[in-house]
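J.: sequence and predicted model, in that order:
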Amino acid sequence: MYEGISYAKRLLRIGAAAVLALFLCSSTLAMAVDVTEERPRMLIPVGHTVGIKLFARGVVVVKLPDGGTPARACGLRTGDIIMSCGGAAVTSTEQFQSLLQKNGARSTDLQVRRDGDSMTLSVAPSQNEQGVYCIGAWIRDSMAGIGTMTYVDPATGAFGALGHGITDVDTAQLMPFSNGSILPSTVKAVKKGTVGAAGELRGDFDLTQDLGTLYANTSSGVFGTLTELETSSLPAAVPVGAARTGPALIRCNIQGDTVREYEIEILKVVSNAADGRDMVLSVTDPALLAATGGIVQGMSGSPILQDGKLIGAVTHVLLNDPARGYGIAIETMLNAA
């Protein structure tokens, strides 16, 4: 009997050892398979301008006129986001005005977001000469403009553009995002950049046709999904890579619908840049310098290619030297997306 128990224990020890050995072999094999099957992410570097329209969540206070107004009296500040009025969610400037008319001269609560914090302010609207109830504040609920699409993921149709967020032109704050879309765009003219004055791409975009929907407005770019993925007119997908100092290329659309590659030099790579300015670059291509003076507004999002890899996107221009500017690393954009 004892011999049987002893024998059984030996079998259990042997069995456990065998299972452990099998598990270790399986783990080693699995790790080996993971390593050998890992592939770099492949993205299409686009470089074409797109129209971008974005609608805010709530309305943004962009200016307070001088003098005594209900807005100033209740404590509203420039940059505040009015989220609700009298308990009703605010969805547009027109709807907010309608809520004020229904309320009349009675004091009502405004739910406001300021620097990430929520607060309640009580405002008593006043009636202007036309008999309209108002609070005396300039507000905005949407923005539209032209930027450049950086990449498209051929596997999902997801895209990234701009390389920086869409900010309100008056408050310089990131627009609170509700929804938005991208539209077809054609470049009609270029205002060249000069020392002290940024240039810009001037173009048209079709407000009646959406190419895709936005799902985020972040400090590292705007992101969305194409309505239909048509890759026949796009370049081939390339692997994602990391930037180094030295020669590189940017893809951009500065005339009509034509996208071309232009030579640049990456002067400096900055690790863990808090504002997304991960590299300093200089335009060296004579054709681009002649056409634009360097980097201009509307080129934000132009993909940067180096050693056959997508490494980032153009984001800002240096006002004292329009041939130079900043770029964001593609990994920073992908992390934000």
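T.: Structure received. Values in this document were obtained by computation on a predicted structure and should not be read as measured data. Residues are numbered from 1 along each chain as shown.

J.: CA-only coordinates of the helix or strand containing Asn179 in CSV, if you can.
T.: Here Asn179, judged by DSSP states H and E, is contained in strand 177-191. Provided in CSV are the C-alpha atoms of strand 177-191 (Å, rounded to 0.1, in the frame of the first residue of the first chain):
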residue,chain,number,x,y,z
PHE,A,177,-15.4,68.6,-29.5
SER,A,178,-18.9,67.5,-30.3
ASN,A,179,-18.7,66.3,-33.9
GLY,A,180,-17.2,67.2,-37.2
SER,A,181,-16.2,66.1,-40.7
ILE,A,182,-13.6,66.6,-43.5
LEU,A,183,-14.5,67.8,-47.0
PRO,A,184,-12.8,67.8,-50.4
SER,A,185,-10.5,70.8,-50.8
THR,A,186,-8.6,72.4,-53.7
VAL,A,187,-5.8,75.0,-53.3
LYS,A,188,-6.4,78.1,-55.3
ALA,A,189,-3.6,80.4,-54.2
VAL,A,190,-0.7,80.8,-51.8
LYS,A,191,0.2,83.7,-49.7
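
J.: what angle separates the following helix or strand past that strand from strand 177-191?
T.: Sequence order places strand 200-205 as the next helix or strand after strand 177-191, per DSSP H and E. Put simply, strand 200-205 runs at 120 degrees to strand 177-191, going by axes from the mean of the first three to the mean of the last three Cα atoms, to 10 degrees.

J.: show the contacting residues for Ala323.
T.: 282-283, 289, 293-295 (Cβ atoms under 8 Å, 6 or more residues apart in numbering). Glycine gets a C-beta too; all of them are placed from N, C-alpha and C.

J.: not counting sequence-adjacent ones, nearest residue to Leu288?
T.: Of all residues not flanking Leu288 in the chain, Tyr262 sits nearest, at 4.2 Å (Cβ to Cβ, 6 or more residues apart in numbering).

J.: what does Pro184 give?
T.: Nearest one to Pro184, counting by Cβ to Cβ, 6+ apart, is Asp206 at 5.0 Å.

J.: what does Gln255 give?
T.: With sequence-adjacent residues excluded and distances taken as Cβ to Cβ, 6+ apart, Gln255 is closest to Val187, at 5.6 Å.

J.: would you map the helices across this protein?
T.: Assignment of helices within the chain using DSSP state H yields the ranges 2-37, 70-74, 93-103, 286-292, 330-336.

J.: quickly list what the residue nearest to the spatial centre of the chain is bridged to.
T.: Centroid-nearest residue in the chain: Gly221, 1.8 Å away (criterion: Cα atoms, centre = their mean). Counting by DSSP bridges, Gly221 is bridged to Thr218.

J.: which residues touch it?
T.: Shown in contact with Gly221 (Cβ under 8 Å, 6+ apart): 150, 160-165, 301, 313, 328, 333, 336-337.

J.: can you check Leu183 too?
T.: With Cβ under 8 Å, 6+ apart, Leu183 has these contacts: 50-53, 205-207, 209-211.

J.: can you do 10 Å?
T.: 50-53, 144, 146, 204-212 (Cβ atoms under 10 Å, 6 or more residues apart in numbering).

J.: pLDDT averaged over the strand holding Asn179 - what is it?
T.: Mean per-residue pLDDT for strand 177-191: 93.

J.: same check, this time on stretch 243-255
T.: For stretch 243-255, the per-residue pLDDT averages 97.

J.: for that stretch, buried residues please.
T.: Buried residues in stretch 243-255, counting neighbours by 16 or more other Cβ atoms under 10 Å, are found at 243, 248-255.

J.: would you reformat these as a markdown table and include distance to Val62?
T.: Converted to a markdown table, the buried residues of stretch 243-255 look like this (distance: Cβ to Cβ, whole Å):
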| residue | distance to Val62 |
| --- | --- |
| Ala243 | 36 |
| Ala248 | 38 |
| Leu249 | 38 |
| Ile250 | 33 |
| Arg251 | 34 |
| Cys252 | 30 |
| Asn253 | 30 |
| Ile254 | 31 |
| Gln255 | 33 |
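
J.: taking those one by one, which sit in strands?
T.: Using DSSP state E, the members of these that fall in strands are 248-255.

J.: closest to Asp278 out of these?
T.: Ala248 (13.0 Å; Cβ to Cβ).

J.: ok, the closest one touching Val269?
T.: No - applying Cβ atoms under 10 Å, one finds Ala248 not in contact with Val269, separated by 11.0 Å.

J.: so what pLDDT did the residue lying closest to Val46 once chain neighbours are set aside get?
T.: Spatial nearest neighbour of Val46, excluding adjacent residues (Cβ to Cβ, 6+ apart): Met149 at 4.2 Å. Met149 is assigned a pLDDT of 97 by the prediction.

J.: right, I'll leave it there.
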